[in-house]
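A.B. asks: Sequence and predicted structure below; questions after.
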Amino acid sequence: QGYVFKQGRFNTAWKRRWMTLSDDGIIEYRVSLDKPRRGVIDLRDVVEIVRSTECREREEWRNNNPKWPKVALPNTEFALVTDKRTYFFQTLTRQENFHWIGQLERVQFDIVNQEGKFNRKKVASISLEDTKDILIESCLPELFQETVEESLAAKPMGRKFVYENCKFEALPLVDVVSLRHHGRARGEDILSHLHICHYTLHNSLDIACMTFFNGNTSMEGINFGGKIVVTLYNNHSMEIFLPGKRTYDVGGKSGDSRGTERVNKACAKMITMITSVKISALLNGADEETLHAIHEGFDQIVEQYHGRLVLHEWMQHQIVSVFLHHQQPLTYGEFVEKISKRSPSDPTPNIFDDNNTPISRFMIELSDNVFGHTRKYLLSRASGGQVPSEYYKVQLEEESLVDVVSVDTVKQIERLAVVQSDETFAGFNPVPAVLQGSNIIEYALSFKETPPHMTDCEWMFLREEEENGSGESDGVADMKMRVSVNEYGQRYDEEEVSTTTVNLTIIITDAPKQVNEDSTIFQTSDMEQHPILRVVDATLLCESSTVEALCFPAKLLVHTASCDMESGERSNDEDGEEGEDEAGVEEGREVEGEQKRKDETLTKRHQPQKIQKREGVLYLPGVRGYDPAGLNNDKRFGERLNEGCVSFILSMTMCKLFVAMRGATTVQMDALHSAFCGLASHYIGRVALFDWMSHQVLTALGNEPALTYIDFLLSKKEGALDMREGGHLRQYIETREAGCAQQPMSYFIQCYKAENLGVLLPLKEAQIIEDLARTEDEDDL
């Protein structure tokens with residue numbers, strides 16, 4: 001039961017209806033759960049259940065195609081065809097659509113066969129012996145095979161992979177893997193949005209990769225709209241936190257018309273634009289002096305429109321510390337505490353960091369009443385950071401949160417807004433912050449210029465070659481970065497709306513050159529971090545494989561290669577000296593054949609294509625596959641793999657493979673895995689399977705045999721596995737140790753509840769599983 005959208009018969013408008021499906025095949029729909037019934041459909045009269053992919057392709061419906069509503073995602077339609085009428089429905093998500101179709105087909109299977117659970121005699125029990133020959137095969141998600149084959153056929157520089165909400169794009173200087181997810185995290189009732197972009201760099205910078213998290217995050221009780229994680233080649237990671245709308249500003253002024261404790265939308269967007277400009281300049285070769293010039297160029301617009309100079313200074317401190325000094329920056333609380341004076345009689349605070357670089361040009365007088373909330377927060381930092389009541393009070397005055405968080409959380413915030421409240425939320429802020437202008441951050445991290453249609457913030461790079469004394473170009477190019485940022489609003493103490501534009505021109509002398517398709521991608525000197533093997537190509541083989549009763553609908557054949565040490569990996573000095581000797585000999589010869597031989601020899605030494613090829617296998621899980629690490633009888637993270645989970649894991653596996661094809665190092669591969677591991681834990685719930693897929697990729701790169709899934713679980717996660725009596729994993733391991741591994745009985749029950757097994761298995765086997773599920777239900781009662 002649940003809400004679906006249904007098209008009317010005479011009034012063809014789409015209406016939301018509460019629909020209920022009973023085991024006797026009766027479908028009822030009404031306006032809402034507490035309203036009278038509006039209609040009935042009997043599954044005995046339904047001659048066909050049309051799935052989402054067929055609904056838009058039906059030849060007989062093309063001329064009279066129902067105008068599907070735009071309230072839901074594509075491929076969420078289904079139809080019930082009877083002799084008298086065709087009923088059209090649409091769900092909000094693909095998961096709901098898949099579940100509805102599965103239940104409709106299952107109930108219809110029970111009724112049509114007349115040997116279903118209504119008429120068959122009760123079976124006392126079903127044993128492992130009864131199910132030993134039953135094997136439910138899995139399948140690839142819809143359109144996955146076509147997308148993968150198209151991406152594998154593309155050239156490395158132009159390779160692009162887009163499936164569901166996942167995207168991989170190969171750019172000249174960086175590989176971008178992005179994923180947008182909308183759903184409920186484990187233990188939460190409210191839908192949340194999360195966007196993760198991971199950037200693997202291909203230039204001479206010390207930075208191996210960067211990860212941009214666009215989603216609410218907290219640090220010492222302060223809520224931020226996102227963060228950027230920068231990883232170096234020595235595997236050292238640093239974080240830059242990005243304020244968003246509703247962020248608590250420790251340096252804000254109580255009662256200020258603009259710069260209050262709560263960051264508003266316009267201010268958050270301005271901070272994002274300034275941060276993007278600085279990051280883009282640094283990635284393209286700007287030094288610290290140039291960065292400070294950019295920072296000072298925005299002082300006036302920040303002061304006149306927003307007044308958040310302390311936050312402005314802290315953002316500069318984060319960028320300088322991470323990108324230039326490669327150090328973890330101070331947290332916002334530590335930063336404010338470092339530049340604050342407790343009383344006018346206190347000495348001037350030390351505003352220099354460990355590198356003797358000033359971290360701020362301003363100080364805070366905590367004795368001023370406008371910083372009363374700052375004093376409270378700094379005192380609470382020892383216990384994790386408690387956001388003061390002044391912030392929650394301003395938040396409730398500025399905006400209602402009833403559509404953003406749950407009702408219980410709104411009541412919690414209302415209690416926190418009371419000055420004398422005993423309610424505590426140390427180390428966490430229940431108010432979600434939302435990043436503004438996230439697409440500008442993405443352009444900066446991708447080494448891209450902003451397109452002309454972004455009128456609020458634009459930048460472009462121009463290269464000008466200098467001429468030598470003879471009037472010819474010497475090839476030395478200085479790059480100019482031209483920046484334009486607009487602010488539209490009211491200045492301090494002004495009622496009229498005005499527009500201010502900041503135009504900057506920065507000279508960058510050490511700008512990195514673009515990488516073309518024929519050049520070596522990586523130029524870093526840290527060669528020890530490169531993989532021993534290099535991925536040459538991969539082939540998707542769509543044939544079912546069974547490994548220890550685990551069904552895999554397809555596998556990837558990954559072809560890797562290593563250089564011959566004697567002929568393909570000589571040192572630069574050795575090659576240079578021998579090349580000079582051979583060049584000297586060749587200068588004295590006029591035989592064309594000898595010159596040709598010499599060219600072939602030098603070419604052979606510098607080409608890693610003269611290699612030893614190897615082949616690795618990656619087994620791909622499929623929809624309705626069995627997960628030994630799944631939670632017992634859990635609807636979302638149980639034994640049976642659903643389509644959303646499989647799509648996420650397969651998409652991430654393909655993105656890792658594409659990054660490896662472009663020559664990624666082991667550090668970069670580990671960072672890519674870590675970037676999406678948290679999402680797998682909180683939303684997908686398949687961390688063990690996610691780790692095993694990464695293990696398969698890395699072993700293929702290292703020319704080592706991969707462990708089977710169950711061996712990987714037992715070797716890596718033995719303490720975290722659910723081995724209790726009666727659990728599906730224990731049952732599976734017992735059959736495996738007996739030499740005849742088989743899918744456990746609880747997995748069959750989950751498959752029966754999810755879809756019609758009559759179209760997947762012979763009738764006899766489907767009836768055994770149905771009896772098993774029926775016996776299980778009666779035992780529970």
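C.D. replies: Happy to help now that I have it.

A.B. asks: Please tell me how far the spatially closest residue to R342 that is not a sequence neighbour sits from H373.
C.D. replies: Nearest non-adjacent residue to R342, counting by C-beta to C-beta, 6 or more residues apart in numbering: L366, 5.4 Å away. All C-beta spots, glycine's among them, are computed from the backbone N, C-alpha and C. Distance of L366 to H373, computed by C-beta to C-beta, to the nearest Å: 11 Å.

A.B. asks: picking that back up, what's the residue nearest to R342 in contact with, if anything?
C.D. replies: 340-343, 374-375, 378 (C-beta atoms under 8 Å, 6 or more residues apart in numbering).

A.B. asks: Would you map the helices across the stretch 251-400 of the chain?
C.D. replies: 265-283, 288-297, 299-305, 309-319, 332-338, 372-380, 389-398 (DSSP state H, counting those that start in this stretch).

A.B. asks: Can you show me the CA trace of the last one as CSV?
C.D. replies: Once non-C-alpha atoms are left out, helix 389-398 reads as follows in CSV (Å, rounded to 0.1, in the frame of the first residue of the first chain):
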residue,chain,number,x,y,z
SER,A,389,20.5,30.2,21.9
GLU,A,390,20.9,33.6,20.1
TYR,A,391,21.6,31.7,16.8
TYR,A,392,18.5,29.5,17.1
LYS,A,393,16.3,32.5,18.0
VAL,A,394,17.5,34.4,14.9
GLN,A,395,16.9,31.2,12.8
LEU,A,396,13.3,30.9,13.9
GLU,A,397,12.7,34.6,13.2
GLU,A,398,14.2,34.4,9.7
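
A.B. asks: how big is the angle separating that helix from helix 372-380?
C.D. replies: Counting by axes from the mean of the first three to the mean of the last three C-alpha atoms, to 10 degrees, helix 389-398 points 130 degrees away from the direction of helix 372-380.

A.B. asks: buried stuff in helix 389-398?
C.D. replies: Of the residues in helix 389-398, 389-396 count as buried by neighbour count, 16 or more other C-beta atoms under 10 Å.

A.B. asks: So what's the gap between the next helix or strand after that helix and the chain middle?
C.D. replies: Downstream of helix 389-398, the first helix or strand assigned by DSSP states H and E is helix 407-416. Centroid separation between helix 407-416 and its chain, computed with C-alpha atoms, centre = their mean, to the nearest Å, is 30 Å.

A.B. asks: Ok, which of the helices of the stretch 251-400 of the chain comes nearest V229?
C.D. replies: Ranking the helices of the stretch 251-400 of the chain by proximity to V229 (C-beta to C-beta) places helix 309-319 first, at 12.1 Å.

A.B. asks: so what does that closest one touch, helix or strand wise?
C.D. replies: strand 237-242, helix 265-283, helix 288-297, helix 299-305, helix 332-338 (3 or more C-beta pairs under 8 Å, 6 or more residues apart in numbering; DSSP states H and E).

A.B. asks: Dump the C-alpha coordinates for the third one into PDB.
C.D. replies: The C-alpha coordinates for helix 288-297 follow below in PDB (Å, rounded to 0.1, in the frame of the first residue of the first chain):
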ATOM      1  CA  GLU A 288      50.700  33.200  -2.100                       C
ATOM      2  CA  GLU A 289      51.300  36.800  -3.100                       C
ATOM      3  CA  THR A 290      48.800  36.500  -5.900                       C
ATOM      4  CA  LEU A 291      46.300  34.800  -3.600                       C
ATOM      5  CA  HIS A 292      46.500  37.700  -1.100                       C
ATOM      6  CA  ALA A 293      46.000  40.200  -3.900                       C
ATOM      7  CA  ILE A 294      42.700  38.400  -4.800                       C
ATOM      8  CA  HIS A 295      41.700  38.300  -1.200                       C
ATOM      9  CA  GLU A 296      42.200  42.000  -0.700                       C
ATOM     10  CA  GLY A 297      40.400  42.700  -3.900                       C
END
